[in-house]
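Peer 1: Quick one: sequence plus predicted model below, questions after.
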Amino acid sequence: MNKIKHFFEVYSLRSMARRFWFNVAKLPMLAHHRPYIIKLAGVDVQDFCYIHNGVQFDTVHPERIHLAYKCAISTGVIIITHYRDTSRRNKIFTDGDVYIGKEVLLGQNTIITKPVTIG
């Protein structure tokens, strides 16, 4: 019983639901169906986005990822909203918003790690 209580203290129901939807999005499906599943995980996705298989999103702060109208994300892309800031000693991780603009194509195996606006 103690282990179950500890599990729910570490992982909130919200984070478990996000991980569930991200895992569902890894299943084989058409690229224009995947954005609807990713939206359930907390990512801000606009209409007509194409997200191919093998794309990894930040599971810590997915609500800080914004995908605009008609963007396309290829296989192997990794989008992370937090990074290690070595210039500050008291704060280990810094996070911010990632904006992927209108009609942007992210090529295969692209890694986005810092708060940035593309497009």
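Peer 2: Now that the structure is in, tell me what you want to look at.
Peer 1: Packing partners of the longest helix along the chain?
Peer 2: In the chain, taking DSSP state H as the definition, the longest helix is helix 13-25. Helices and strands touching helix 13-25, by 3 or more C-beta pairs under 8 Å, 6 or more residues apart in numbering; DSSP states H and E, are helix 34-40. The C-beta positions use only the backbone N, C-alpha and C, and glycine is treated the same way.
Peer 1: any idea how far the helix it packs on is from the chain center?
Peer 2: Its chain's C-alpha centre and that of helix 34-40 lie 10 Å apart, by C-alpha atoms, centre = their mean, to the nearest Å.
Peer 1: outside of that helix, which residues touch it?
Peer 2: By C-beta atoms under 8 Å, 6 or more residues apart in numbering, the residues outside helix 34-40 that reach it are 21-22, 24-25, 29, 45, 49-53, 55, 57, 67.
Peer 1: which residue ranges form the strands in this protein?
Peer 2: For the chain, the strands defined by DSSP state E occupy 44-45, 50-51, 56-57, 65-67, 72-73, 78-79, 82-84, 93-95, 98-100, 105-106, 111-112, 116-118.
Peer 1: could those go into CSV alongside distance to His33, mean neighbour count and mean pLDDT?
Peer 2: Converted to CSV, the strands of the chain look like this (distance: least, C-beta to C-beta, whole Å; neighbours: other C-beta atoms under 10 Å; pLDDT from 0 to 100):
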stretch, distance to His33, mean neighbour count, mean pLDDT
strand 44-45, 12, 20, 96
strand 50-51, 9, 22, 94
strand 56-57, 16, 19, 94
strand 65-67, 15, 22, 96
strand 72-73, 14, 22, 95
strand 78-79, 19, 18, 96
strand 82-84, 28, 13, 82
strand 93-95, 29, 13, 81
strand 98-100, 19, 22, 96
strand 105-106, 18, 18, 95
strand 111-112, 23, 14, 94
strand 116-118, 23, 12, 94
